[in-house]
Each structure stands twice: as structure tokens, then as C-alpha cells.
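J.: Turn this into a model:
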Amino acid sequence: MEKPAYNKSFYFTVPERNLSYIKDSLDIMYIPYWIEQSSDTLKLQEGVVAFVFPDVHGRVYNYIVELFDGRGLPYPE
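T.: Predicted structure coming up:
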């Protein structure tokens, strides 16, 4: 079975040292995401990664905001 195609909607940046904790928290809730490093599309500081999310239901977004302790940034087009 193929994974559904998602559009990248918003993202949060975190230090690489926090990657495992956040990844585990998202996986437990079955929330779709990508982990990205700095690129031409998404400029990040060294030692920082981005958790990128598709459009999600409001309750899921509220959980993500609580996990990251803040609002996400729009993903660049």
C-alpha cells in the first residue's frame, strides 16, 4: 500500500539533540512529518533540524503546538 501524498504546510525548528524525543512523541500519536536539514528551500542554522508537517486537523495541530511550545512557521513554497 502506498503512503498518501502530503503537501508540506508548516514546520518547527529544534536542536538536533532534541530530535529523538520529539520523533518518538510524534510516532506514538501517528502524526505524519518529515525531518529536514538546511537546504535551498529551507535555510536552517547549523545543528538545527526542521520537523515539517502537512495540513492536519485542529486537535492534532494543538498537540503539535503544545509539544513544540509554540506556533509553527509556514513552509516556504
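J.: now the helices for this protein?
T.: Ranges of helices within the chain are 19-28, 58-68, based on DSSP state H.
J.: Reformat the ones you listed as TSV; add mean pLDDT and distance to G47.
T.: Heads up, the C-betas are built off the backbone N, CA and C, glycines and all. As requested, the helices of the chain are arranged in TSV below (pLDDT from 0 to 100; distance: least, CB to CB, whole Å):
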stretch	mean pLDDT	distance to G47
helix 19-28	95	11
helix 58-68	95	17
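J.: Roughly how far does the most centrally placed residue in the chain sit from I31?
T.: Per CA atoms, centre = their mean, the C-alpha nearest to the average position across the chain is that of F51, at 2.4 Å. Using CB to CB, to the nearest Å, we find F51 at a distance of 10 Å from I31.
J.: ditto for F12
T.: Computed as CB to CB, the F12 to I31 distance reads 12 Å.
J.: Are there residues contacting both of these two? Which ones?
T.: In terms of CB atoms under 8 Å, 6 or more residues apart in numbering, F12 and I31 are both contacted by the residues I64.
J.: Between the two, point out the one with more neighbours.
T.: A direct count of neighbours by other CB atoms under 10 Å for F12 and I31 places F12 higher, at 20 against 17.
J.: Could you pull out the strands in the protein for me?
T.: Under the criterion DSSP state E, the chain contains strands at 10-15, 34-36, 48-53, 73-74.
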